[in-house]
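Trainee: Make a model of this:
(one chain, ligands or ions: 2)
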Amino acid sequence: MKPSRKALLLDRDGVINVNHGYVHHPEDCDFIPGIFSLCAAAQKRGYRIIIVTNQSGIARRYYSRAQFHAFSRWIEHAFFTRGISIQQTLHCPHHPKESGAFGFQCCCRKPRAGMIFRAQRRFHLNLSQSIMVGDSWSDVRCGQHAKIGKIVHFQDPLLVKAQSTPFTPNLYKVRSRDYYRAKSLRSITRLL
Ligand SMILES: [Mg+2]
Ligand SMILES: [Zn+2]
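Mentor: Numbering: from 1, shown residues only. Ligands and ions are numbered 1, 2, ... in the order given. Predicted structure coming up:
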């Protein structure tokens, strides 16, 4: 069987788990409704599932890289128990305004596309056939820099204190620019 070359590239905080701010313990991890069904559907359709996450909490010394990795293994295991395999969790530990080993301007912190290109090299991804889901503008811009086929700006109105937009559909394309907006993770299944 020809290996699949498309990926579902997921931001972590605000897409997989509720962004309570620098989450790094299982006790603080609330999975966002729909994430497992979206990933299961994507896996079934041949997408590799890859996490790409900015973790400036490491540069800020809120938690160590080892703590981050331990938490990542825990998250990956939570997916594994639901039959979903996370191919890799890529992270950027840097922040340009911090001091110390991780305090510099890197090329992996989103909106820069370094993590995407690393995943592309490792898994020989076809980025134009891939989908990126993130809850912030840096994710959208990162996806645009990397020329990812479908970019989804996801914000669950129940989780984000966003302006109320009661009449917009769950998923729609922003025509002026080339990305989608989604209010639920399940609705993204339609793009697979
Ligand atoms: Mg996020
Ligand atoms: Zn970085």
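Trainee: make it CA atoms for all contacts and neighbour counts henceforth
Mentor: OK.
Trainee: roughly how far apart are Ala146 and ligand 2?
Mentor: As for Ala146, its distance to ligand 2 is 16 Å (criterion: CA to the ion, to the nearest Å).
Trainee: Make sure that residue is actually in contact with Leu125.
Mentor: No. The criterion here is CA atoms under 8 Å, and Ala146 misses it with Leu125 at 11.5 Å.
Trainee: Which SSE is immediately downstream of the helix or strand of the chain with the lowest mean pLDDT?
Mentor: None of the helices or strands of the chain scores lower by mean pLDDT, DSSP states H and E than strand 171-174, at a mean of 82. Once strand 171-174 ends, the next helix or strand along the chain (criterion: DSSP states H and E) is strand 179-182.
Trainee: ok, how many other residues are close to the nearest residue to Val174 once chain neighbours are set aside?
Mentor: Residue nearest to Val174 in three dimensions, not counting chain neighbours: Tyr180, with 5.6 Å by CA to CA, 6 or more residues apart in numbering. Using other CA atoms under 10 Å, Tyr180 has 19 neighbouring residues.
Trainee: contacting residues around Tyr180?
Mentor: Tyr180 sits next to Lys150, Ile151, Val152, His153, Leu171, Tyr172, Lys173, Val174 when contact means CA atoms under 8 Å, 6 or more residues apart in numbering.
Trainee: Looking at this protein, which helix is longest?
Mentor: helix 65-80 (DSSP state H).
Trainee: buried stuff in that helix?
Mentor: For helix 65-80, a neighbour-count test (16 or more other CA atoms under 10 Å) marks Arg65, Phe68, Phe71, Ser72, Ile75, Glu76, Ala78, Phe79 as buried.
Trainee: any idea how far the third one lies from Ile148?
Mentor: It refers to Phe71. 27 Å (CA to CA, to the nearest Å).
Trainee: my guess is Val152 meets Val133, correct?
Mentor: Yes. Using CA under 8 Å, Val152 is in contact with Val133, at 4.7 Å.
Trainee: before we move on, the earlier item: could you check the angle helix 65-80 makes with the following helix or strand past the longest helix of the chain?
Mentor: Helices and strands here follow DSSP H and E; after helix 65-80, the next one along the chain is strand 86-92. Calculated by axes from the mean of the first three to the mean of the last three CA atoms, to 10 degrees, strand 86-92 forms an angle of 150 degrees with helix 65-80.
Trainee: Just list the residues touching Ala7, thanks.
Mentor: So Ala7 contacts Tyr47, Arg48, Ile49, Ile50, Leu125, Asn126, Leu127, Gln129, Ser130, Ile131 (CA under 8 Å, 6+ apart).
Trainee: Now that we have those residues, which of them are buried?
Mentor: Among the contacts of Ala7, those that count as buried by neighbour count (16+ other CA under 10 Å) are Tyr47, Arg48, Ile49, Ile50, Leu125, Leu127, Gln129, Ser130, Ile131.
Trainee: Count the neighbours of Arg45 for me.
Mentor: Neighbours around Arg45, by other CA under 10 Å: 12.
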